[in-house]
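1. One predicted model, sequence on top.
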Protein chains: 2
Amino acid sequence: MAKLTANPGGVAADQLRAFVERIERLEEEAAVINDDKKDVYGEAKGNGYCKKTIRKVVQLRKKQPHEREEEEAILDLDMHALGMAGPGEGDG
Amino acid sequence: MAKLTANPGGVAADQLRAFVERIERLEEEAAVINDDKKDVYGEAKGNGYCKKTIRKVVQLRKKQPHEREEEEAILDLDMHALGMAGPGEGDG
């Protein structure tokens, strides 16, 4: 850290250090949120829910219904074309 | 959203919705932090600093000095072996 603490650039070094420290603080906050997310997933798992499925639901809820339906229809077609599912509801 | 709002699973659906919404809230908070980071980088850039370099400094500051020195020494050796740098300070 010599360059950042020995004040070789004076004001410039102080300003640079301020930017670096702001980024570091934001990354710490992001890490806390990440831990919180892990906790929620852990709690859900403890209640018998599947982490993967919840993640998928969260993803799907970001999309508009028509987007979701269109993507599902294309996925069905592709899976059917590849012999991965029968017509209709897939392998359900 | 039919499955989540039509209450087919009663309590289980409510509990699942609660987990999903907690994750969504945390993801929103994470998105805000991400925007803040972008703003800081943008501000740094506006003050003549290089975003890439700041990102690198933030990364390096997470490491212990001896870790950093060891990695630098290995990088120097590798670059030298590949003819990418002279001995000593690299291409500086």
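-> Right, received. Where do you want to start?

2. From here on, just use CA atoms for contacts and neighbour counts.
-> Noted.

3. Listing request: residues of chain A with sub-threshold pLDDT.
-> For chain A, the stretches with pLDDT under 70 are A:1-9, A:86-92.

4. what residues does it put near chain B?
-> A:1, A:16, A:19-20, A:22-24, A:26, A:29-30, A:33, A:36-37, A:40-41, A:44, A:49, A:54, A:57-58, A:61 (C-alpha under 8 Å from any C-alpha of the partner chain).

5. Which among those count as buried?
-> Buried subset of these (neighbour count, 16 or more other C-alpha atoms under 10 Å in any protein chain shown): A:16, A:19-20, A:22-24, A:26, A:30, A:33, A:37, A:40-41, A:44, A:49, A:54, A:58.

6. Could you identify the most distant pair in the residues you listed?
-> Spatial extent of those (C-alpha to C-alpha) is set by the pair A:16 and A:49 at 45.9 Å.

7. Just give me how far the strand or helix carrying residue A:40 sits from the chain centre.
-> Here residue A:40 sits within helix A:11-46, counting by DSSP states H and E. How far helix A:11-46 lies from its chain's middle: 14 Å, per C-alpha atoms, centre = their mean, to the nearest Å.

8. Same question for stretch A:33-52.
-> Worked out by C-alpha atoms, centre = their mean, stretch A:33-52 lies 14 Å from the chain centre.
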